[in-house]
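>>> Next comes the sequence, and after it the predicted model I'd like to discuss.
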Amino acid sequence: MVRGPFYEVLLGRKDSKVSDPSMVESNLLKATTPTSHILSLFSAKGFSAEEMVALSGAHTIGFSPCKEFANRIFNFSKISDYDPAYNPAFAQGLRKLCFNYTKAPEMSAFNDVFTPGKFDNMYYKNLQRGLWLLLSDQAMLMDNRTKPFVVQYAANQTAFFYSFARSMEKLSVYKIKTDKDGEVRRRCNQFNTLQT
């Protein structure tokens, strides 16, 4: 479909028998989450900076709502309508695309404007060209702990695919449920039996 790397997905992973939104919020990243916080969150779960940057490469497909980056393209400062770190032509294109985002909250932009339906390393190349949407993405290029991996993956798709696949395999077994701690759901969005 999107021609990305192959990686093993172990079958029979058990899902939690508990679903509590309050447990999720502190683990979700926002478009403005600082790189230091992202790295700390990943490190606490046993993931390196390299693995975090590789997993961020999933942004090579998909899209982001304009509201997540509107503050970077509209009324950015007294001297610039948009963040000067953006490629100027790209910023103008985003401004045209998202001009009505407050009335049409579904307005979104592809994370990768060149190959949005292909899993490749273009996301990293775009970061180097000022063609990023989310501040958290752009910040990876500015941070000395993450920049070497952005540069490496932009130059070498094979290295990105290898790191992404290994990181996804590691992520797939993170805090795996065993025995009676979880269940293999018949439908992924429902418990097999209601907990009372």
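Thanks, I have the structure now. Numbering: from 1, shown residues only.
>>> Please identify the helix or strand for the residue nearest to Ala54 when sequence neighbours are not counted.
Closest residue to Ala54 apart from its sequence neighbours, by C-beta to C-beta, 6 or more residues apart in numbering: Ser163 at 3.8 Å. Just so you know, the C-beta spots here come from the backbone N, C-alpha and C atoms, and that holds for glycine as well. Per DSSP states H and E: Ser163 is located in helix 157-172.
>>> Please, where are all the helices along this protein?
For the chain, applying DSSP state H gives helices covering 21-25, 35-44, 49-56, 70-73, 88-98, 122-128, 135-142, 147-155, 157-172.
>>> Which of those helices sits closest to Phe191?
Counting by C-beta to C-beta, Phe191 lies closest to helix 21-25 out of these; the figure is 15.1 Å.
>>> Let's see the closest one as CSV, backbone CA atoms only.
Backbone C-alpha positions of helix 21-25 (Å, rounded to 0.1, in the frame of the first residue of the first chain) are rendered in CSV as follows:
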residue,chain,number,x,y,z
PRO,A,21,-8.6,8.3,29.3
SER,A,22,-6.8,9.9,32.2
MET,A,23,-4.0,7.3,31.9
VAL,A,24,-3.5,8.3,28.3
GLU,A,25,-3.3,12.0,28.3
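>>> Can you read off the pLDDT for the nearest residue to Thr32 once chain neighbours are set aside?
Closest residue to Thr32 apart from its sequence neighbours, by C-beta to C-beta, 6+ apart: Leu135 at 5.2 Å. Among the per-residue scores, Leu135 shows a pLDDT of 91.
>>> No more questions from me, cheers.
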